[in-house]
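> got a sequence here, can you build the structure:
(2 chains)
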Amino acid sequence: NAGVTQTPKFRVLKTGQSMTLLCAQDMNHEYMYWYRQDPGMGLRLIHYSVGEGTTAKGEVPDGYNVSRLKKQNFLLGLESAAPSQTSVYFCASREVGGKETQYFGPGTRLLVL
Amino acid sequence: SQQGEEDPQALSIQEGENATMNCSYKTSINNLQWYRQNSGRGLVHLILIRSNEREKHSGRLRVTLDTSKKSSSLLITASRAADTASYFCATDPSGGYNKLIFGAGTRLAVHP
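Numbering: from 1, shown residues only, chains lettered A, B, ... in the order given. As a prediction, the model looks like this:
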């Protein structure tokens, strides 16, 4: 099993450009999450999904959109990137019931100029 | 806003010594979890302690939880250079969906 994978690993954007970050998991997990991590801080929840076709806002959702069209994929979109969105983005997933732990991807480093 | 506050922010010790990290939080929780992050990598789950538990062990890890003080501690015994990483506590508030709230983390450096 690959676990949780994220693409791309690194990206540079100019202010105003758009992009989509892809998260994929092969563990058949129901719940998926997008976090951002800024220097010296812990992770903050952007959006999450509790199943295919569902999404909900987290702590810092502004400027981001998400979609969960397939159970194994969770997409994070930036419609008009801003320098404040420079960060490392992590995706995570967990199963319903069972272990209440989250499995994290390796992260996507995004620089907005 | 971040619920978990960790102390110390950074810790430097020698191999073989014990490392203790503390975490405080503000609201009621379902459970509290500790994660480890190696530089430039994703987070890896270490241990989970439920709100009705006071202490839990896993290998060289010992976690305590005091819900009356809203605090937790992570003890790593007999530390190794490979334990060098950042350690984060994450609270799972009551209410479902496991929306974890992370602290800012403790950066641990273990010197050979």
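> around chain A, pick out the residues from chain B.
Residues of chain B lying near chain A by Cβ under 8 Å from any Cβ of the partner chain: B:1-2, B:4, B:30-31, B:33, B:35, B:40-45, B:48, B:88, B:90, B:92, B:97-105. C-beta: built from backbone N, CA, C; applies to glycine.
> what does stretch B:29-48 contact?
A:4, A:43, A:90, A:92, A:99-107, B:23, B:25, B:49-51, B:56, B:58, B:61, B:63, B:65, B:67, B:72, B:74, B:85-95, B:100, B:102, B:105 (Cβ atoms under 8 Å, 6 or more residues apart in numbering or on different chains).
> average pLDDT for it?
Stretch B:29-48 shows a mean pLDDT of 93.
> got the buried residues for that stretch?
B:29, B:31-37, B:42-43, B:45-48 (16 or more other Cβ atoms under 10 Å in any protein chain shown).
> what about the residues of chain B next to chain A, which are in helices?
Using DSSP state H, the subset of these located in helices is empty.
> now go through those and say which are in strands.
Secondary structure from DSSP state E places B:30-31, B:33, B:35, B:43-45, B:48, B:88, B:90, B:92, B:101-102 of the residues of chain B next to chain A in strands.
> which among the residues you listed gets closest to chain A?
If you rank these by distance to chain A using Cβ to the nearest Cβ, B:Phe102 comes first, at 3.2 Å.
> next, count neighbours for the nearest residue to the closest one once chain neighbours are set aside.
Distance criterion Cβ to Cβ, 6 or more residues apart in numbering or on different chains; nearest residue to B:Phe102, sequence neighbours excluded, is A:Gly42 at 3.2 Å. Neighbours of A:Gly42 under the rule other Cβ atoms under 10 Å in any protein chain shown: 25.
> cool, thanks, signing off.
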